[in-house]
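Asks: Quick one: sequence and predicted model below, then my questions.
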2 protein chains.
Amino acid sequence: MSVTAPQGFEAAGVVAGLKSTGKPDLAVVVNRGPLKVGAAVFTSNRAKANPIIWSQQAIQDGVVEAIVLNSGGANCFTGSFGFQTTHQTAEKAAELLGVSAGDIQVCSTGLIGVGDETFRANVLSGTEKAIAALGSDGGADASLAIMTTDSRPKRVVLERDGWVIGGMAKGAGMLAPGLATMLVVITTDVVLTPQQADEHLRRATRTSFDRLDSDGCMSTNDQVTLLASGASGITPDADAFGDALAAVCLDLAEQLQSDAEGASHDISIQVVHAASEEDAVEVGRSVARNNLFKAAIFGNDPNWGRVLAAIGTTDAAFDPYDVDVWMNGVRVCTQGGPDRPREEVDLTPRATDLVIDLRVGEAEATILTNDLTHDYVHENSAYAS
Amino acid sequence: MSVTAPQGFEAAGVVAGLKSTGKPDLAVVVNRGPLKVGAAVFTSNRAKANPIIWSQQAIQDGVVEAIVLNSGGANCFTGSFGFQTTHQTAEKAAELLGVSAGDIQVCSTGLIGVGDETFRANVLSGTEKAIAALGSDGGADASLAIMTTDSRPKRVVLERDGWVIGGMAKGAGMLAPGLATMLVVITTDVVLTPQQADEHLRRATRTSFDRLDSDGCMSTNDQVTLLASGASGITPDADAFGDALAAVCLDLAEQLQSDAEGASHDISIQVVHAASEEDAVEVGRSVARNNLFKAAIFGNDPNWGRVLAAIGTTDAAFDPYDVDVWMNGVRVCTQGGPDRPREEVDLTPRATDLVIDLRVGEAEATILTNDLTHDYVHENSAYAS
């Protein structure tokens, strides 16, 4: 169900001819209201795709009628022709739905530099096809149509007393902060103002998608969009809704992590007793981006020396000679020296827990990442993506 | 010859029993003077090995009589016992050479966390053995004894009118700025003051070792040391000596790059028309650390989209939509859009030239890196290092 689980939404996913495999590659999600509230967060990469440039402008009034998403081409660095393609996509959807083009969000994903006339024609005809196929049970189809190298669709539904949040995501590589390279659509039938939607979404993504750093590479096309229809008529307690939205985002982030390209370990890096949350994130991120550590985990080697070498490159407040490191429950390093024998650490499970105790404060943060594997190199070298 | 090419130096490399392979693993280089000038630059990693902590203090007076280097164990995060090992190594060498322990530099390389009683005993007896074997033709042996995963020794000799610079280096992985994980000893017979030696060394490393970023990982044990004996009696022109030292450093840096673990391409990232040299370095570094770009090069894929996605994460002054990208002489991207077909780019040679034209200023910088390969993952996952 995903995005069509809450009341007030219709969706579709169709074959537009963008993927050479002939698989579904274009999705539309429409908000039937009564509210048409939208909020989004975008990649912080300065190299932004045309759909990002369009959508950032279009969402400023907090009104979103529909969102068009395509896989099979990022429409990024495709010049003014590419921007016109995005614009025409919004106009096509608006015309067919009888709304304003400025209330249409557009998202694209795929290879950078792809966006020629054939691409445009397929996106436009696909948009028409998808809008004709819209249905209140179209969420599953939509989640299939946004997949790129994903091995499976990512969906979530969370039901509360009288209201629902649904979501879908795509993303399997180029997962890094500033959104963790992904397209995400989250829908809900609660009553929200645009400002509330924006605040809730920023808070929820900050501790979920922003903490997923699979390979340190930031995409040009990331967008996480929240749509609220108000169709349940319910205005939930702000904390209750915020918690539910955060849970939905974290669930989708973990689905992205567990499907990351070529990965054989899902690594949770928990940094505790930091002086600040910012420090904890910086320390966790330095480990998540250390190729030597990531390769060691692939080899089931509890190489804590590489953890200390990574965190020593940060500016965070701690003494490298007063740090404890735990791997899968075994304290392998204490106060900057060896502790339990590394043979006691079993790294064969996919789920890998690294705990770094900085012993200076009370703040903490968890960064999600993956190991560096032969398959990662293969998938990112054997063909363009 | 390497470090024994200039007048006034003796060296040796011996088997101390630190490497399980039984290969040479301990080197000593002695300055016989008349000057005993030394300068060094150290890793900027806050996680510093015991020899770094010792050597940083010991070199502050600018006097160095000798340097003891071992492979087969980094003596890093080995507690106060490890620091005492370094101290005892300096004292042992000083006693045998009849000098002060504070004028002995110590360098170690190998696995972090290794530095037990056996390690100490082997280092001390190896130091004795090496000092007994010192000779004015010992440079080659010394360069062999500092190798870790290096496939070949790195040596250089540069002769000028009446004076000479010699050097040796080790390093094949964990190559990143703040010295590019390495041990380097450079010797010269010119007349220098400690302050001149320090200034020349900092200038030369800034545009050579500091610009080598093979895998983004910074070591805990890096040290580049310059020793001057004054034995030629010549005080060369400052610019002439500075240029020669820079050439020696760049030569060794390129030897390190071409022997980087598992690499199949040596990538030169030249950033031109930047607003400042700092910007050029930041932009080049962002590409050198982008796993997706590095994997693409391994796959001979001229994926310029990944270049733009990487540089878009920096704060450097440029417009992502007004950038040109050249690969091996072919302009594949102009003003942020596709230019020549990617099929025109031949990436089969090991030497790979990437030029990024930011079109905003006059500054430039070149960063040296390598591709991300199956062999890199294998070498860094199959066994601890």
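Replies: Perfect, I can see it now. Predicted, not measured: the structure shown is a model, and the values here were computed from it.
Asks: Just the pLDDT at the spatially most central residue of chain A, thanks.
Replies: Closest residue to the average C-alpha location of chain A: A:Met182 at 4.1 Å, with CA atoms, centre = their mean. For A:Met182, the pLDDT comes out at 81.
Asks: How about A:Val191?
Replies: pLDDT, read off for A:Val191, is 97.
Asks: cool, the one 3 residues further on as well?
Replies: On pLDDT, A:Pro194 comes in at 96.
Asks: Give the closest residue to it in space, chain neighbours not counted.
Replies: Nearest non-adjacent residue to A:Pro194, counting by CB to CB, 6 or more residues apart in numbering or on different chains: A:Gly62, 2.4 Å away. Using the backbone N, CA and C atoms, a C-beta is placed for each residue, glycine as well.
Asks: contacting residues around that neighbour?
Replies: A:Val37, A:Gly38, A:Ala39, A:Thr193, A:Pro194, A:Gln195, A:Ala197, A:Asp198 (CB atoms under 8 Å, 6 or more residues apart in numbering or on different chains).
Asks: cool, A:Ala133 as well?
Replies: By CB under 8 Å, 6+ apart, the neighbours of A:Ala133 are A:Ala12, A:Val14, A:Asp141.
Asks: mind running it again at 7 Å?
Replies: A:Ala12, A:Val14 (CB atoms under 7 Å, 6 or more residues apart in numbering or on different chains).
Asks: So what's the residue count around the closest residue to the residue nearest to the centre of chain A other than its chain neighbours?
Replies: Nearest residue to A:Met182, sequence neighbours excluded (CB to CB, 6+ apart): A:Gly171, at 3.3 Å. Using other CB atoms under 10 Å in any protein chain shown, A:Gly171 has 32 neighbouring residues.
Asks: Hmm, A:Gly171 is touching A:Gln257, no?
Replies: No. Shown here, A:Gly171 and A:Gln257 do not form a contact pair, counting by CB atoms under 7 Å, at 9.6 Å.
Asks: which residue ranges form the strands in the stretch 101-250 of chain A?
Replies: Counting by DSSP state E, counting those that start in this stretch, the stretch 101-250 of chain A has strands at residues A:104-108, A:154-159, A:164-170, A:183-188, A:223-228.
Asks: sec struct for A:Asp369, please.
Replies: Quick fix: residue A:369 is Thr, not Asp. Put simply, A:Thr369 is strand when judged by DSSP: H, G, I helix; E, B strand; the rest coil.
Asks: got the contact list for it?
Replies: Contacts of A:Thr369 (CB under 7 Å, 6+ apart): A:Asp213, A:Ser214, A:Ile267, A:Ile269, A:Ala288.
Asks: who touches the closest residue to the first one other than its chain neighbours in this structure?
Replies: Counting by CB to CB, 6+ apart, A:Asp213 lies nearest to A:Ala288, which is 4.3 Å off, once chain neighbours are set aside. Applying CB under 7 Å, 6+ apart, one finds that A:Ala288 lies in contact with A:Asp213, A:Ile269, A:Ile367, A:Thr369.
Asks: who wins for most neighbours among those?
Replies: A:Thr369 (32 neighbours).
Asks: all helices of the stretch 201-350 of chain A, in order?
Replies: Under the criterion DSSP state H, counting those that start in this stretch, the stretch 201-350 of chain A carries helices at the ranges A:238-258, A:277-288, A:291-298, A:304-311.
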